[in-house]
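Peer 1: predicted model, plus sequence, below.
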Amino acid sequence: MDSLSYSPSFGRSNVVCGAEEFVCGNTTRCIERIKHCDGIKHCDDGEDEDGCADAHGSLDSLVKAIKEHGELKDVIFDKSLDNCSLGESVPPFCECRFFTFLFCENHNLTSVPKGIGNSITKLALTNTSLRSLPAGAFSEYKGLKIIHIEGNVIRVLSPGPFSDMSNVTFLQLMKNQIEIIEPGAFKGLENLRWLLLQNNHLKELNMTVLEDIQRIEVLDLTDNRLTQLGTLPPLDRLFWLGLGNNRIERITKSTFKELTSLEVLILKENVIEEIEETAFSSLETLLELDISHNRLKYLKPKLFYKLRNLNKLNLEFNLITSLPMGIFRGLDVLKSLDLQGLDIHNIDIQMFHPLTELKFIYFKKFLYCSYAPYVRICSPKTDGLSSTEHLLVFPALRMSVWFVALMTCAGNTLVLSWRVLSRKEDKVLSLFIKNLAFADLLMGIYLVAIGSQDLSFRDSYNKYAHAWMTSNACNACGILAMVSSEVSVLILSLITIERHRCIRTNVRVITVSGARFCLAVVWIIGFTLALIPIFKWSDEKGFYSSNGLCFPLHIDDAYNLGYQYSAFIFFGINFTAVMLIISLYASMFYTIKRDRESARPVILKKHEDTVLAFRFFFIVLTDSLCWIPIVIIKLLALAGVTISRKYCIFHSSVRGLSLSEFENFG
């Protein structure tokens, strides 16, 4: 079979390349596999960009058919030629092309033109006023090979219009409003190869009408109103069957059992809710199966088991939420798999192991690409943050992560050192600040870990993505970031409450031991909140493994595993804390303004508290601005608004670069 697809032949020369490399043609040069189909020619003759188009399945079959039938090439490629051999018999409202092709369009024809001569081989009647094709409608033109009738108002196809038309190999009856095809309508077309009935109004098809066209190879019933199919008759040569965009609800085990030569089956855009497990068992020659855009919720485990020659499978945009673990077993030569639009809750790396020849795979989420690491081309190639090549896809993003990480670590280390060495500090306040600085330092360490992983995965991230996201190291990073975030916001709340109380009452009640107790409770709460998901979802895909950053924002998939818990953290704790901080600082401003206006003597202690309140206002404002945008964005994500995950790293960076490390020296 001729094919439009081509894959580089690994090892065509005597050169042995590594597992993650391929050889450039007949040269001795090895190129990293990740550079295959990246849009840049790395091999001298560009072999690394050959075979990058997903042309498997129906294209192969149609090209084969066109090459085998020369008259089809005339119609498809040569109908603009003006040479004519029909003489003076051509009606004035028609055009003669390619010697014996008569093309009549946009004319008020009510019947097939007569008296043109029996040398005509191709006749096209498009956008005319034909309402019927009576028996013997083409009897004058026994030499016809191609009949093209399109854009008319033929509601019923009666018996006999093609009687004794044994030379016809191509019949196109699209866009004619056909509702009924009566038995005997195709009698006389014993050599018909292509029958195109797209864009009509067929609600049912009497299968006996197909018994008169036993040599049919291509049958297209796309864009009709078919609701059910009986058992198609034995059509030993039929290799292409189009049933897309109808209203078919169910496929039974007998529907296609007689079509043993079928290579392409298009069932997309129907309302199919059930396909019996053995419905495709007899289709061992099938190359492409398209059942996309239907209402399938479940697939039977052995539905594709006998399709050992299948090259292309399209399941996109069904209602499927899980796939049987062995659903792809037996698809030994599958090259292209489309699962776009599917939320596969039970996705597992073992699911795709049988697909050893898979070259193209399409998912709804970039995250799913990590479950098929050895597939050459996976789509989507990025989620705006990571790509199949890099954990952090943009150079600017990588630089900002390292800049923020180093500044955060250096700044907070300096704050801690200053507070430890200083002897004149308020012990209670200093204790709070040291703990806040240490919590911020944890975020810096988290960013260093993410930046380091990005370096180690550079140019081949998808190969390691699944192992990384399901690792203990990823969980540890997620716990670190969660503890840092929660402890920071809780300590800031405590600081704000304490400053507010001091300014309002001018009495300090909390002691060093009390402060230590409060901070111990805060750290216990922080670690508890971070560890609950580890134990809650220990047997499922990890709470922290929803993305390569190991941070559970749940922005790109708002309803992923543990989304309720994530919402509780961000809305129930963080947003509440931010609102508390804002309200208390508003109260402090009111108190300060009132005291200034009254011009009462202010003792030194009160003056110090006022100065500190202003200092901490800017610190807390910075941290508050980190949380208000993320709360808004998370609300939008839950409402179904698509949010770029680039904000995820932005949030972590800004959290890490809290201004506290620069403001806590005084």
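Peer 2: Sure, I can see it.
Peer 1: give me the pLDDT for Glu389.
Peer 2: Glu389 is assigned a predicted lDDT (pLDDT) of 85.
Peer 1: make that His345, sorry
Peer 2: His345 carries a pLDDT value of 87.
Peer 1: element containing it, please.
Peer 2: Following DSSP states H and E, there is no helix or strand that holds His345.
Peer 1: can you check Ile503 too?
Peer 2: Counting by DSSP H and E, Ile503 is found in helix 472-505.
Peer 1: packing partners of the helix or strand just after that helix?
Peer 2: Later in the chain than helix 472-505, the nearest helix or strand by DSSP H and E is helix 512-536. Secondary-structure packing of helix 512-536 (3 or more Cβ pairs under 8 Å, 6 or more residues apart in numbering; DSSP states H and E): helix 427-456, helix 472-505, helix 563-567. C-beta: built from backbone N, CA, C; applies to glycine.
Peer 1: mean confidence for helix 512-536?
Peer 2: pLDDT averaged over helix 512-536 gives 92.
Peer 1: likewise stretch 566-579?
Peer 2: On average, stretch 566-579 scores 86.
Peer 1: swap in stretch 226-242?
Peer 2: If you average the pLDDT over stretch 226-242, you get 93.
Peer 1: and the end-to-end length of it?
Peer 2: Stretch 226-242 has an end-to-end distance of 12 Å (Cα to Cα, to the nearest Å).
Peer 1: show me what counts as buried in it.
Peer 2: For stretch 226-242, burial by neighbour count (16 or more other Cβ atoms under 10 Å) applies to Leu226, Leu229, Leu232, Pro233, Leu235, Leu238, Phe239, Trp240, Leu241, Gly242.
Peer 1: re the thing from before, list the buried residues in the helix holding Ile503.
Peer 2: Under the neighbour-count criterion of 16+ other Cβ under 10 Å, helix 472-505 has 474-475, 477-496, 498-500, 502-503 buried.
Peer 1: packing partners for that helix?
Peer 2: Packing contacts for helix 472-505, counted by 3+ Cβ pairs under 8 Å, 6+ apart, involve helix 427-456, helix 512-536, helix 576-598, helix 604-638, helix 646-656.
Peer 1: do that again at 7 Å, thanks
Peer 2: Applying 3 or more Cβ pairs under 7 Å, 6 or more residues apart in numbering; DSSP states H and E, we find helix 472-505 packed against helix 427-456, helix 512-536, helix 576-598, helix 604-638.
Peer 1: how about the contacts made by Asn314?
Peer 2: Lys268, Asp290, Ile291, Ser292, Asp338 (Cβ atoms under 7 Å, 6 or more residues apart in numbering).
Peer 1: again, only using 6 Å
Peer 2: Asp290, Ser292, Asp338 (Cβ atoms under 6 Å, 6 or more residues apart in numbering).
Peer 1: for it, list each beta-bridge partner.
Peer 2: Asp290, Asp338 (DSSP bridges).
Peer 1: quick one: it and Met579, what's the gap?
Peer 2: Counting by Cβ to Cβ, to the nearest Å, the gap from Asn314 to Met579 is 49 Å.
Peer 1: likewise Ile149?
Peer 2: Ile149 sits 71 Å away from Met579, going by Cβ to Cβ.
Peer 1: in terms of neighbours, single out the busier of the two.
Peer 2: Using other Cβ atoms under 10 Å, the more surrounded residue of Ile149 and Met579 is Ile149, with 22 against 14.
Peer 1: part of a strand, is that one?
Peer 2: Yes - read with DSSP: H, G, I helix; E, B strand; the rest coil, Ile149 is one of the residues of a strand.
Peer 1: isn't it right next to Asn127, touching?
Peer 2: No - taking Cβ atoms under 6 Å as the definition, Ile149 is not a contact partner of Asn127, at 10.4 Å.
Peer 1: mind listing the helices for the stretch 301-450 of the chain?
Peer 2: For the stretch 301-450 of the chain, applying DSSP state H, counting those that start in this stretch gives helices covering 395-421, 427-456.
Peer 1: much appreciated, bye for now.
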